[in-house]
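1. Let's see this in three dimensions:
(one chain, ligands or ions: 1)
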Amino acid sequence: MSHFGSYDDRAANFSWSIAEKELEYTPGGVINIGWYCTDRICENGSGDKKALIWEGTGAQSKSYTYNELRVATNTIGAFLRNLGIQPEDRVCLFMDRIPELYLGFLGVLKIGAVAQPLFSAFGEESLFVRLDDARTRAIITQRKHVGKIRKIIDQMPYLEFIIIVDHDRKKELREREIPFWLDDARPVEMLDVHPTKAESPSVLHYTSGTTGRPKGVQHVHYSLISQYLTTKWVLDIQENDIYWCTADPGWVTGTSYGIIGPFAMGATQCVQDIGFSAENWYRWIEKQKVTVWYSAPTAIRSLMKAGDAIVKKFDLSSLRHLASVGEPLNAEAVIWSQRVYGLPFHDTYWQTETGSIVISNFPGMKIKPGSMGRAFPGVTSAILDLKSYEPITEPGRVGLIALRPDWPALMRGYWKNPETYAKKFVNGWYLPGDRSSIDKEGYFWFAGRDDDIINTAGHLVSPFEVESALLEHPAVAESAVVAKPDDVNMEVVKAFVTLKPGFEPTDDLELDIMNFIRKKLSSLAMPQEIEYVESLPKTRSGKIMRRLLRAQEWGEEIGDVSTLEND
Ligand code: WT7
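-> Sure thing, here's the model as predicted:
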């Protein structure tokens, strides 16, 4: 039996106090995610239960019980506190998926500091922009990533501590660099966990915006209430499950459902830091006897490509519940997974800002392949007309997804950017910036983003950022960056450029431009193609019409260009 039961019952009797009671949280009292994910599980008698099973490259492996998780997070918390890290100071986690990333995240939260996870594949420029915006005081990293920090350190006087978890004792440390070897540190049995309250800041996640710099999405400790209940009801994690979330904690799926939700439930989860291949993944499921698997459409499409035959080489019979997030999950992928694994992927929809799942297919519910499912009970939703912002009552018409901003995990602001934050709300609704329709039975059908942001393999890329990088190249006069369709990644980045006088549109130049921007952008944001054009379509006010170029790429109706021109 799933935890969820019937949708109608859950919706009729819903209150967030269900989660508050289960977590024994008293409104107004202390709530600290780090404590909930470790100490509380031990106090409830599960100290010896496995919390984290980890494998990295070169057959390295480690595992931690809940008591070991509790002590290790205490040890990291105490170390940071001894350095002088204060509550609300930003501490960045810049690591591959090694245990210290998971433990460090919770250690930071335990002392009331703000955890700022950043994807370890970021290059120095992407890193700098985010550390600079957050005025980050400490960064926890691995020696393989220190070089990137050294390149930008002079521009960051506020970054006082660069903590290296695997420092090579034979190598020299530079100014501000501090070694910290968790395995050699004296274990801290008892730590005074900082008494954070519901609205105390917890996590700062960076996400791409349409224009300007990436935005810091500010979450609070009370987010736990939604993250816990959605983990329980949507991911359906139960006592004896082995849970595998394939997302990196540099992104919100990897924190909300790769750390907070599962650990707050006292679940056993496994983490693989080896890289993707169908063989690796299936072997992992077989070896760990994974029961609940939370993944993403691009990975699922890659597995589809790898074929059916390879599936039969492995024993995947442990699998019990599958879910997906991050981009549109095509109907074919759901049908395929039902055929080859005997289980459908349950699509879930949410975003960095929502902090927790807001729309999903629930265990036991009828799945309509291609639909994102229904609103989480307790999340009031509507589809608004694109122009009037009035709720659309007839089923099937596309409009803006709108959510009443009253569930616990919704962001509390964009870091130092109240103007952009305010724009996310209209007539008492929070607008995620996506288009969808709802059918007669309340199922959401995703219809695309309402802005120009590109979602490639589940990663959001701001066209503005790519265009800005292109414009710095001496040959580029103008640029427009849009999504083009791709079998596996759904969307990839394509750039249109016009050249300055005196430059020829050659293949060599394209290569040169690519190499130039590669240094500025993360690999995720790199265009797959650069197309030279004589001119770019523009509105009368001179704004480049990305939507027109996008429509061309997708072979869609361009629609009424005269309205576009008046944009
Ligand atoms: C954007 C959020 C929170 C998970 C990781 C992404 C798109 C997310 C779906 C889905 C279609 C989806 C939306 C959303 N998206 N889930 N099930 N179907 N699109 O977090 O980086 O903040 O991206 O991803 O456009 O707004 P994110």
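2. Point out the residues in this structure that sit beside the ligand.
-> Within reach of the ligand by CB under 6 Å from any ligand atom, the chain has these residues: 207, 251-253, 325-329, 347-352, 372, 432-434, 446, 449, 455, 460. Using the backbone N, CA and C atoms, a C-beta is placed for each residue, glycine as well.
3. Residue 378 touches residue 13, doesn't it?
-> No: under the criterion of CB atoms under 8 Å, residue 378 makes no contact with residue 13, lying 10.4 Å away.
4. Compare the two (neighbour count), which wins?
-> residue 378 (21 against 9; other CB atoms under 10 Å).
5. does the nearest residue to residue 255 once chain neighbours are set aside count as helix, strand or coil?
-> The spatial neighbour of residue 255 that comes closest, neighbours along the chain excluded (CB to CB, 6 or more residues apart in numbering), is residue 249 at 5.0 Å. Recorded secondary structure, residue 249: coil (DSSP: H, G, I helix; E, B strand; the rest coil).
6. For residue 249, report the pLDDT, please.
-> What the model reports for residue 249 is a pLDDT of 97.
7. Could I get the contacting residues of it?
-> Applying CB atoms under 8 Å, 6 or more residues apart in numbering, we find residue 249 in contact with 93, 97, 101-102, 105, 117, 255, 258-259.
8. separation between residue 144 and residue 168?
-> As for residue 144, its distance to residue 168 is 11 Å (criterion: CB to CB, to the nearest Å).
9. no wait, residue 254
-> Note on residue 254: its distance to residue 168, by CB to CB, is 27 Å.
10. who has more neighbours, these two?
-> More crowded of residue 254 and residue 168, by other CB under 10 Å: residue 254, with 23 against 10.
11. Surely the more buried one is in a helix?
-> Yes: the assignment for residue 254 by three-state DSSP puts it in a helix.
12. who are the neighbours in contact with it?
-> 117, 245, 247-248.
13. Swap in 6 Å and give it another go.
-> Contacts for residue 254 (CB atoms under 6 Å, 6 or more residues apart in numbering) come out as 247-248.
14. From residue 295, how far off is it?
-> 12 Å.
15. quick one, domains of this structure?
-> Listed by automatic domain parsing, the domain ranges of the chain are 7-436, 454-554.
16. Pick the most buried one from the ones you listed.
-> Of all these, domain 7-436 has the most neighbours on average by mean count of other CB atoms under 10 Å, namely a mean of 19.
17. what's the distance between stretch 257-277 and the middle of its chain?
-> 14 Å (CA atoms, centre = their mean, to the nearest Å).
18. actually stretch 482-494, sorry about that
-> Relative to the centre of its chain, stretch 482-494 is centred 19 Å away, using CA atoms, centre = their mean.
19. List the contacts of it.
-> For stretch 482-494, using CB under 6 Å, 6+ apart, the contacting residues are 298, 301-302, 327, 454-457, 461, 527-529, 546, 549-550, 553-554.
20. Repeat the analysis, applying 8 Å as the threshold.
-> For stretch 482-494, using CB under 8 Å, 6+ apart, the contacting residues are 297-298, 301-302, 305, 327-328, 452, 454-457, 461, 463, 466, 481, 496, 525-531, 546, 549-550, 553-554.
21. so what's residue 275 closest to, chain neighbours aside?
-> Take residue 275 and drop its neighbours on the chain: the residue closest to it by CB to CB, 6+ apart is residue 57, 7.9 Å away.
22. Now residue 179: closest residue in space that isn't a chain neighbour?
-> With CB to CB, 6+ apart, the residue lying closest to residue 179 is residue 167, at 3.6 Å.
23. Tell me who's in contact with the residue in the stretch 101-250 of the chain that the ligand sits nearest to.
-> Using CB to the nearest ligand atom, residue 207 is the residue of the stretch 101-250 of the chain that sits closest to the ligand, at 5.0 Å. Counting by CB under 8 Å, 6+ apart, residue 207 touches 214-215, 217, 252, 351-353, 460.
24. Reformat the residues you listed as JSON lines; add pLDDT and secondary structure.
-> Shown next, in JSON lines, are these (pLDDT from 0 to 100; DSSP: H, G, I helix; E, B strand; the rest coil):
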{"residue": "214", "pLDDT": "91", "secondary structure": "coil"}
{"residue": "215", "pLDDT": "95", "secondary structure": "strand"}
{"residue": "217", "pLDDT": "98", "secondary structure": "strand"}
{"residue": "252", "pLDDT": "97", "secondary structure": "helix"}
{"residue": "351", "pLDDT": "97", "secondary structure": "coil"}
{"residue": "352", "pLDDT": "97", "secondary structure": "coil"}
{"residue": "353", "pLDDT": "98", "secondary structure": "coil"}
{"residue": "460", "pLDDT": "92", "secondary structure": "strand"}
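25. Name the helix or strand of the protein that has the lowest mean pLDDT.
-> helix 561-565 (a mean of 48; mean pLDDT, DSSP states H and E).
26. where in the stretch 201-350 of the chain is pLDDT low?
-> The stretch 201-350 of the chain contains no residues with pLDDT under 70.
27. returning to what we had before: of the contacts of residue 249, which is the nearest to residue 517?
-> Among these, residue 117 lies closest to residue 517 (CB to CB), at 25.1 Å.
28. Show me the beta-bridge partners of that closest one.
-> residue 93 (DSSP bridges).
29. from memory residue 324 sits against residue 301, does it?
-> No: the criterion here is CB under 8 Å, and residue 324 misses it with residue 301 at 10.4 Å.
30. Give me the common contacts of the two.
-> residue 333.
31. so where do the strands sit in the stretch 101-250 of the chain?
-> All strands of the stretch 101-250 of the chain, identified by DSSP state E, counting those that start in this stretch, fall at 114-117, 138-141, 161-164, 177-179, 201-207, 215-220, 242-245.
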